[in-house]
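> Provide a 3D model corresponding to the input given below.
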Amino acid sequence: MEVGQLYADSPPYWFLLIRAARLRFRPARRRAVRRMTRRHTTHAGSGQTPTRRRSRPGTPAEHRAAEHGRVASMGVSVDRDSAEATRWTIHGERVVDDSRRLRLSVASVELPDGVRFEQYVLRIPRAAMMVVLNEHDQVLMMWRHRFIIDRWVWELPGGYVDPNEAPAATAAREVEEETGWRPRNVESLLSMQPIVGSADAENLLFLAHGADYIGSRPDVNEAAQIAWIPLDSVRDRIASGEIVGAGSLVGLLHVCAFQAN
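Below is the predicted model of the structure:
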């Protein structure tokens, strides 16, 4: 069974997003640098340096009380009360199409400033995928044709999570059915949403260390070739456009970045 996420084979947006973020925040970064420079530079003609900002008055207990309603996440405080005021509100959804693998609706949305509009929303069942590694630092992948974008690509094995089936069991079953290898030592890797602005299409990724070949013939409808790809070739394959699916990209890049741990 194919993963089936509508946007799993979209072009890799990550580079465009990173570039856009850099362009967007570059002026702010320059302004911050100028402020820091002025702060530590002698005032022209006065011979004096700027006065340091005074410490916040009050006791530590008062400081903690002032932080009520904030949540610390990785050293960053988030004001939940202020954040709640920016929530987008859905007043209703009108179903356009509803099938086993897709629900398409039109949502009536209200922005924090009161503006209302309609937007198409996709709701797709969860899918599970697996990064299977062997002792030679190779990853199990499938060479297949994706008709929507009419391209041949390398992908991780995976598929839809069946009702009442654990996602880890789904991922392991799909690996076996699609590749003929049975994964060992399966662990959870991460959860991701490939196009969170328009669709609820959760992808659950798992990691397996080792696999046993069970000799079953892979499904001809799923892949033209099954191969163990060297991990050190992943970056070049991404750059050349051989790996474009969002789930495959995130799973492989995560493993390449953190496999030492």
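
> so where's this protein uncertain?
Applying pLDDT under 70 to the chain flags residues 1-74, 260-261.

> Helices along that one, start to end?
Using DSSP state H, the helices of the chain run over 14-39, 60-66, 80-84, 167-179, 234-239, 246-258.

> which residues sit in contact with the residue minimising distance to the centre of the chain?
Closest to where the C-alpha atoms of the chain average out (Cα atoms, centre = their mean) is Met192, at 4.2 Å. Counting by Cβ atoms under 8 Å, 6 or more residues apart in numbering, Met192 touches Glu202, Asn203, Leu205, Ala246, Gly247, Val250. C-betas here are computed from N, CA, C, even on glycine.

> again, 6 Å this time
Counting by Cβ atoms under 6 Å, 6 or more residues apart in numbering, Met192 makes contact with Asn203, Val250.

> In contact with Ala168, which residues are there?
Ala168 touches Val186, Phe206, counting by Cβ under 6 Å, 6+ apart.

> Recalculate using a threshold of 8 Å.
Here Ala168 is in contact with Ala128, Val186, Ser188, Phe206 (Cβ under 8 Å, 6+ apart).

> where does it sit relative to Ala201, distance-wise?
19 Å (Cβ to Cβ, to the nearest Å).

> Also Gly158?
Taking Cβ to Cβ as the measure, Gly158 falls 13 Å from Ala201.

> more neighbours, those two?
Set side by side, Gly158 and Ala201 show unequal neighbour counts under other Cβ atoms under 10 Å, the larger going to Gly158 at 32 against 25.

> Grab the nearest non-local neighbour of the more buried one.
Closest residue to Gly158 apart from its sequence neighbours, by Cβ to Cβ, 6 or more residues apart in numbering: Met129 at 3.1 Å.
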